[in-house]
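Student: Need coordinates for the below:
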Amino acid sequence: RRPHLYPRDVLAPGREVAVQLSGRGTWTVHKIVGRVAATPERGDLPGTMRVRVLPLPGDAGASQLVPFTVEVSMGGGRQTIRGHLLEALWDVRWFQWTQDPRKEPKAWEALVAGTPLRKAKLEALSFPWKTKGPEGLAPDRFATVAETSLQVKPGRYRIRTVSDDGIRVYVDGKRVIDNWTHHGPTEDIAELDLTAGR
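Tutor: The predicted structure follows:
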């Protein structure tokens with residue numbers, strides 16, 4: 001019935017988010033606030049626009065949350081997308097397990113302390129494998145271990161995960177999400193107050 005943007009509130013797992021624009025007519029980016037670019041800046045409806053973090057000059061990739069606002073003219077009015085993108089570089093390691101990590105914690109600890117079968121540096125933790133898995137690993141009974149260092153301002157933060165199966169999240173060595181169970185796609189949320197720092 002009218003042009004629409006989705007999502008309007010962005011909580012992206014990486015440096016980029018795809019925004020869907022629906023309706024009829026055309027759209028144009030009117031205003032950008034924050035260290036991001038929106039591409040393309042105009043087009044026909046329906047369409048897709050990508051919002052991506054711009055690198056800092058001479059920056060070696062400091063990890064941080066990047067707030068932004070993008071105003072889009074469409075359908076005779078303006079609509080706003082706002083949120084945060086996560087500018088981070090993750091060290092990711094994959095392991096194949098034979099002993100269930102939920103039932104054999106010592107075997108799990110020994111496994112992830114050893115040599116991974118595959119490693120990568122990634123900008124986002126988003127793995128829609130469905131019935132597959134990481135390249136070179138069997139599509140079942142594998143573990144993903146990811147670490148990053150993130151510069152934050154003081155405040156209250158929400159960490160949101162969607163996992164299938166078990167997941168644990170640590171911040172400064174403290175476990176803040178613990179759903180170490182066999183489950184289908186499940187959302188877990190932790191809220192915590194952080195001081196300024198890394």
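
Student: Ala113 and Ala107, how far apart?
Tutor: Using CB to CB, to the nearest Å, we find Ala113 at a distance of 11 Å from Ala107. The C-beta positions use only the backbone N, C-alpha and C, and glycine is treated the same way.

Student: Compare neighbour counts for those two and give me the winner.
Tutor: When Ala113 and Ala107 are compared for neighbours, Ala107 comes out ahead with 13 against 7, by other CB atoms under 10 Å.

Student: tell me which element that one falls in.
Tutor: Taking DSSP states H and E as the criterion, Ala107 maps to helix 105-113.

Student: ok, residues contacting that helix?
Tutor: Arg93, Phe95, Trp97, Gln99, Pro101, Ala143, Val145 (CB atoms under 8 Å, 6 or more residues apart in numbering).

Student: just these now: which is nearest Pro185?
Tutor: Distances from the contacts of helix 105-113 to Pro185 were compared by CB to CB; the smallest belongs to Ala143, at 17.6 Å.

Student: who's in contact with that closest one?
Tutor: Residues Trp94, Phe95, Gln96, Trp97, Pro101, Trp108, Leu111, Val112 are the ones in contact with Ala143 under the rule CB under 8 Å, 6+ apart.

Student: ok, of these, which come out buried?
Tutor: A residue is treated as buried here by neighbour count (16 or more other CB atoms under 10 Å); on that basis the buried members of the contacts of Ala143 are Trp94, Phe95, Gln96, Pro101, Trp108, Leu111.

Student: if I pick the third one, what's in contact with it?
Tutor: With contacts taken as CB under 8 Å, 6+ apart, Gln96 has the following neighbours: Leu117, Leu137, Ala138, Arg141, Phe142, Ala143.

Student: Which pLDDT value belongs to it?
Tutor: As predicted, Gln96 sits at a pLDDT of 95.

Student: With the fourth one instead?
Tutor: Per-residue confidence (pLDDT) for Pro101: 90.
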